[in-house]
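K.L.:
Got a sequence here, can you build the structure:
(one chain, ligands or ions: 2)
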Amino acid sequence: MKNIFIASFLILTCFSVSFSQSKLNSVKTSPILQESPNHTWWKEAIVYQIYPRSFKDSNGDGIGDLKGIISKLNYIKNLGVTAVWLNPIYQSPNADNGYDISNYRQIMKEFGTMADFDTLLYELHKRGIKLIMDLVVNHTSNQHFWFMQGRTSRTNPFYSYYHWWPAEKGTPPYRPGSFDVNGSAWTYNKPTNSYYLHYFSEMQPDLNWENPKLREAIFKMMRFWLNKGVDGFRMDVISFISKDTIFPIITPKILNEKYNGSWSQYYASGPYLHQYLRQMNRDVLSKYNIMTVAEGAGVTTKTAPKFVDSDRHELNMLYHFDGVDYGYLPGIYKKLAPNGYDLVGLKEVYSKWDSIFEHRGWGTIYLGNHDQPRMVSRWGNDSPKWRTLSSKMLTTFILTMRGTPYYYAGDELGMSNIKFDSISEYKDIETINMYKYLKNHGEDVHAFLEAQKMTARDNARTPFQWNTSVNAGFTKGTPWIQVNPNYKTVNVAIEARDPNSCLNYFKKMIELRKQHKTLIYGKYTLLDKENKQIYSYTRTLNGKTILILLNFSPKDGRTNIYQNFTNAICLIDNYNESLKIKINEPVQLRPYEAAVFELE
Ligand code: GLC
Ligand code: CA
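P.N.:
Ligands and ions are numbered 1, 2, ... in the order given. Just a heads-up that it's a prediction; the model follows:
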């Protein structure tokens with residue numbers, strides 16, 4: 001490590017992928033690391049996120065289901081991932097694809113039965129894979145029994161399970177509601193002559209966590225799933241659960257800054273948030289060997305430690321939005337700057353977040369999920385020339401950073417954005433209701449649709465691409481959302497046979513992470529930070545150093561690292577030919593090249 005900036009005189013040859021492959025293949029199993037307060041299974045986990053609706057349909061209704069997932073467990077096992085996070089599979093009218101739950105203890109009928117769920121859990125565990133469930137408790141569906149009851153009268157015991165503004169006090173102080181056609185978080189309910197609060201659509205009323213009975217009901221429901229043996233929860237917008245029930249007026253400055261974060265930061269700073277999380281930990285979480293990860297909407301580097309510092313006894317990890325929201329222009333919908341994003345700033349974001357968890361707490365790393373466009377389209381380059389290379393480069397990033405990696409199903413194939421042309425092709429409430437909102441306000445919907453090609457959530461929700469047969473082998477019926485036409489070349493069947501595919505690269509990267517404790521626990525150090533094309537960093541642990549070099553651009557690039565490579569071993573490279581480094585010269589990288597070295 002000391003030698004890192006010292007010019008030296010050695011030629012380093014990075015052998016081709018086939019070399020790396022044989023090296024990797026020689027190590028069969030991953031070492032099992034000792035559990036200690038600092039070393040835990042969830043820090044070592046590699047989480048694979050499955051969007052059940054789009055993964056595999058078993059009965060031809062065009063909707064993915066639990067039996068479909070069960071039929072693909074060997075595929076999942078073979079990837080090497082150690083945990084699966086399932087998006088919500090509970091009963092739901094699907095206004096927001098399962099994020100509007102009408103019964104927390106039943107399986108959505110399109111997805112199967114509780115018996116299917118039990119089988120899935122059993123079969124995952126049999127393969128040594130943990131199951132992380134989505135926990136959606138900031139809001140329910142408006143079809144949930146509690147809300148159906150509560151909305152009938154102010155004296156109904158379930159009325160106080162939700163937040164209301166009595167109409168005799170006038171119209172409620174404005175707050176923004178995502179997914180609302182009018183952009184408002186309040187909707188009037190006639191039988192109670194009051195407005196209910198919904199931070200998301202009007203079909204998703206917010207639960208009143210200020211009510212201890214509601215909290216107890218939620219905790220009971222959590223125990224129900226934990227007692228079945230699930231291994232943890234990904235907590236949907238958990239940062240929003242506590243509300244200032246005076247509902248003060250929110251300043252226009254805060255309101256105007258959705259993609260600069262300020263209204264989500266406001267929503268994430270409810271007065272009793274951490275009290276509720278500590279109660280949840282004390283009464284429920286601490287009783288089980290599980291992991292928890294918060295969706296950290298509105299959480300900043302300042303507030304993050306409050307959630308995940310282990311001394312606070314709240315949650316294990318959170319995922320922030322500073323990375324995935326980086327580069328959006330200010331405005332009410334997501335729009336990318338025409339010339340893309342600036343890598344120097346992106347490095348700053350990830351480096352700053354890494355430093356927050358350097359000594360306390362634990363982080364996460366992800367580039368895509370069901371709420372984001374496909375990672376290769378957003379952060380790499382989905383043109384035919386660069387799709388594979390840039391996708392592998394991003395996979396290298398996710399699996400070499402510190403923090404538990406969350407990897408979204410389909411990204412291992414290099415699946416890319418479908419880029420719908422017309423509003424009629426979209427299924428997502430976010431896109432559809434924003435379109436209506438803009439139309440009603442006389443805004444430019446064409447510009448919005450153009451922006452959505454890069455940013456819409458439906459880009460990540462198209463069916464998983466299994467093979468070249470009809471509908472990519474996802475369904476024999478009509479898929480609920482269009483299949484990306486690139487499935488003829490981008491699919492499991494083809495990629496499994498190709499040693500240089502994205503799929504096989506992902507597997508190798510997983511093995512690499514499992515073999516090197518340094519990639520899990522090692523300190524992260526950013527190098528060459530002003531470099532506009534190349535992201536380079538080291539991970540170090542107990543005197544071992546791993547160097548990671550990633551070219552984020554479609555051009556040759558060079559680092560400003562003069563390094564002593566005397567004993568460097570190239571662990572993996574996403575190009576097939578070797579990377580040559582000349583004497584006393586900075587390392588040269590080819591377009592979208594990713595290379596990982598072990599230094600002694
Ligand atoms: C979270 C989910 C997203 C959902 C929203 C409302 O952000 O990830 O899919 O629409 O919460 O539940
Ligand atoms: Ca089905």
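K.L.:
where does the stretch 51-200 of the chain come near ligand 2, residue by residue?
P.N.:
57, 59, 61, 63, 65 (CB under 5 Å from the ion). Heads up, the C-betas are built off the backbone N, CA and C, glycines and all.
K.L.:
Next: the chain.
P.N.:
Near ligand 2, when you scan the chain using CB under 5 Å from the ion, you find 57, 59, 61, 63, 65.
K.L.:
Need the residues you listed in a markdown table (columns: neighbour count, pLDDT and secondary structure).
P.N.:
A markdown table is the format used below for those (neighbours: other CB atoms under 10 Å; pLDDT from 0 to 100; DSSP: H, G, I helix; E, B strand; the rest coil):
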| residue | neighbour count | pLDDT | secondary structure |
| --- | --- | --- | --- |
| 57 | 25 | 99 | coil |
| 59 | 14 | 98 | coil |
| 61 | 15 | 98 | coil |
| 63 | 24 | 99 | coil |
| 65 | 26 | 99 | coil |
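K.L.:
per-residue pLDDT, residue 118?
P.N.:
The model reports residue 118 with a pLDDT of 98.
K.L.:
so which residue of the chain comes closest to ligand 1?
P.N.:
residue 99 (3.3 Å; CB to the nearest ligand atom).
K.L.:
what about that residue, distance to residue 151?
P.N.:
According to CB to CB, to the nearest Å, residue 99 stands 20 Å off from residue 151.
K.L.:
who's more crowded, those two?
P.N.:
Under the neighbour definition other CB atoms under 10 Å, residue 99 and residue 151 were set side by side, and residue 99 has more, 26 against 21.
K.L.:
The more buried one reaches residue 204, doesn't it?
P.N.:
Yes. Contact between residue 99 and residue 204 holds when scored by CB atoms under 8 Å: they sit 7.1 Å apart.
K.L.:
what pairs with the one helix or strand residue 595 maps to, and is each one parallel or antiparallel?
P.N.:
Applying DSSP states H and E as the criterion places residue 595 in strand 594-599. Using DSSP bridges, strand 594-599 pairs in its sheet with strand 544-551 (antiparallel), strand 569-573 (antiparallel).
K.L.:
closest one to residue 413 among these?
P.N.:
strand 569-573 (18.4 Å; CB to CB).
K.L.:
what mean pLDDT would you report for the closest one?
P.N.:
92.
K.L.:
Next, the buried residues of it.
P.N.:
In terms of neighbour count (16 or more other CB atoms under 10 Å), strand 569-573 has its buried residues at 569-573.
K.L.:
Check the residues you listed and tell me the two furthest apart.
P.N.:
Within those, two members stand farthest from each other by CB to CB: 569 and 573, at 11.5 Å.
K.L.:
Can you pull out the low-pLDDT segments for the protein?
P.N.:
1-37, 258-260, 563-566, 578-584 (pLDDT under 70).
K.L.:
Next one: the residue sitting nearest the centre point of it from ligand 2, what distance?
P.N.:
The centre of the chain sits closest to residue 369, judged by CA atoms, centre = their mean, with a distance of 4.0 Å. In this view, residue 369 and ligand 2 are 22 Å apart by CB to the ion, to the nearest Å.
K.L.:
With residue 341 instead?
P.N.:
38 Å.
K.L.:
Thanks a lot, see you next time.
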